[in-house]
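>>> Please find the sequence and the predicted model below.
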Amino acid sequence: QVQLVESGGGLVQAGGSLRLACTASGRTVNMYAMGWFRQAPGKEREFVAAINWSGGSPANADSVKDRFIISRDNAKNAVYLQMNSLKPEDTAVYYCAGSSRPVAHFRTDYWGQGTQVTVSS
């Protein structure tokens, strides 16, 4: 099993920045890639960004392209999401996700518990 723990959420004004972190523990050898999803109230969970453990093939959703940057630190078994130029529509619970497949075929096998991000206008 793999455990994913997120941190770094909070309240920020529009135009501000936040950095989310997700630390993986357990049988991390089973994971090929990690990513971030988000779910706003009344909406379905949606893909935000993903990256292979090798650091290759980072992918971002169009809605966050040029604003959010995903990165990883293999030594710390961690993945990060740097969120810049935040907008009120970015308000959501952000979930860390682990996949046994590479980014191009991402399938969530593990979920974190989620962290709330609120952007005020």
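Nice, I can see it. Being a predicted model, the structure only gives us computed values, none of them experimental.
>>> Now the helix or strand hosting residue 22: buried residues?
Element membership of residue 22, judged by DSSP states H and E, is strand 18-26. Applying a neighbour-count criterion of 16 or more other Cβ atoms under 10 Å, one finds 18, 20-24 buried in strand 18-26. The way it works is simple: take the backbone N, C-alpha and C, and place the C-beta from them, glycine included.
>>> Which is the succeeding secondary structure element to it?
strand 33-39.
>>> Follow the chain on from that next one and name the next helix or strand.
strand 46-52.
>>> residues in contact with that next one?
32-39, 57-61, 64, 68, 70-72, 79, 81, 94, 97, 99, 102-103, 106 (Cβ atoms under 8 Å, 6 or more residues apart in numbering).
>>> Counting neighbours, what do you get for the residue lying closest to residue 11 once chain neighbours are set aside?
Distances taken as Cβ to Cβ, 6 or more residues apart in numbering put residue 118 closest to residue 11, at 4.7 Å, once the chain neighbours are dropped. Residues lying near residue 118 (other Cβ atoms under 10 Å) number 15.
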